[in-house]
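Trainee: Turn this into a structure:
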Amino acid sequence: MSRGGILQIISFFIYLLYQVLILQNIVLFHTAFCFLYVAYLLVLPVETSPLALMGIGFVMGFSVDMFYDSLGLHAFSCVFIMYLRNYWLNNLTPQGGYNSTDSPSLALNGLQWFMVYAGPLVLIHHSVLFFMEVGGFAFFWFTLWKIITSTFFTLLVILIAQYLFPSRRR
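Mentor: Numbering: from 1, shown residues only. Predicted coordinates:
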């Protein structure tokens, strides 16, 4: 196994443990939840195959589900955004294209590009997660408020993590 693969496995467990040990208990104003583990999925290398992305998304989401007792909600949300990720990346291709080993990170592409990339995917993840959690549109406005606040909270923490631990340029 290559060094990059080993680092991906280690970072998988770091994101997972940080999510379930620390961030699970942090909720702002009973509405804003932080799901930092989504950042791991968003910064996987660009040339990762869609099937591998969905498999990794399932494993990460299912692992979070085991600790949150959420019956596959995180797994489905992660698989869904991993399905959409390559389509979204194709729409955001920079002028020179992507290198096969690059990951879509803040350090490589800049703040504006990263926000346009990560923002909609985090919003979709949270929308699917919270609407499935409530079981429909019964509490539409409260669920919408949870989606918006959690998206901003998660994006803020993802940006802080990206600035604290930037990926190396190749």
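Trainee: In stretch 137-146, which residues are buried?
Mentor: Within stretch 137-146, the residues that count as buried by 16 or more other CB atoms under 10 Å are 143, 146. In this view, the C-beta of every residue, glycine as well, is placed from N, C-alpha and C.
Trainee: Quick one: neighbours of Ser49, just the number.
Mentor: Ser49: 9 surrounding residues under other CB atoms under 10 Å.
Trainee: Look up phi and psi at it.
Mentor: phi -70, psi 150 (degrees, to the nearest 10).
Trainee: Pick out the residue nearest the middle of the protein.
Mentor: Nearest residue to the geometric centre of the chain (CA atoms, centre = their mean): Val38, 1.9 Å.
Trainee: For the one helix or strand it maps to, which helices and strands make contact with it?
Mentor: Counting by DSSP states H and E, the element that carries Val38 is helix 37-42. In this structure, helix 37-42 makes packing contacts with helix 3-21, helix 50-68, helix 73-91, helix 111-134, helix 140-164, judged by 3 or more CB pairs under 8 Å, 6 or more residues apart in numbering; DSSP states H and E.
Trainee: can you dump the C-alpha coordinates of stretch 151-167 into PDB?
Mentor: Extracted in PDB, the C-alpha atoms of stretch 151-167 (Å, rounded to 0.1, in the frame of the first residue of the first chain):
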ATOM      1  CA  THR A 151     -24.500  24.100   7.300                       C
ATOM      2  CA  PHE A 152     -22.900  27.400   8.400                       C
ATOM      3  CA  PHE A 153     -21.500  25.800  11.600                       C
ATOM      4  CA  THR A 154     -20.000  22.800   9.700                       C
ATOM      5  CA  LEU A 155     -18.500  25.000   7.000                       C
ATOM      6  CA  LEU A 156     -17.000  27.300   9.600                       C
ATOM      7  CA  VAL A 157     -15.300  24.300  11.300                       C
ATOM      8  CA  ILE A 158     -14.200  22.800   8.000                       C
ATOM      9  CA  LEU A 159     -12.600  26.200   7.000                       C
ATOM     10  CA  ILE A 160     -10.800  26.400  10.400                       C
ATOM     11  CA  ALA A 161      -9.600  22.800   9.900                       C
ATOM     12  CA  GLN A 162      -8.400  23.600   6.300                       C
ATOM     13  CA  TYR A 163      -6.500  26.600   7.600                       C
ATOM     14  CA  LEU A 164      -5.000  24.800  10.600                       C
ATOM     15  CA  PHE A 165      -4.000  21.700   8.600                       C
ATOM     16  CA  PRO A 166      -3.400  22.800   5.000                       C
ATOM     17  CA  SER A 167      -2.700  20.100   2.400                       C
END
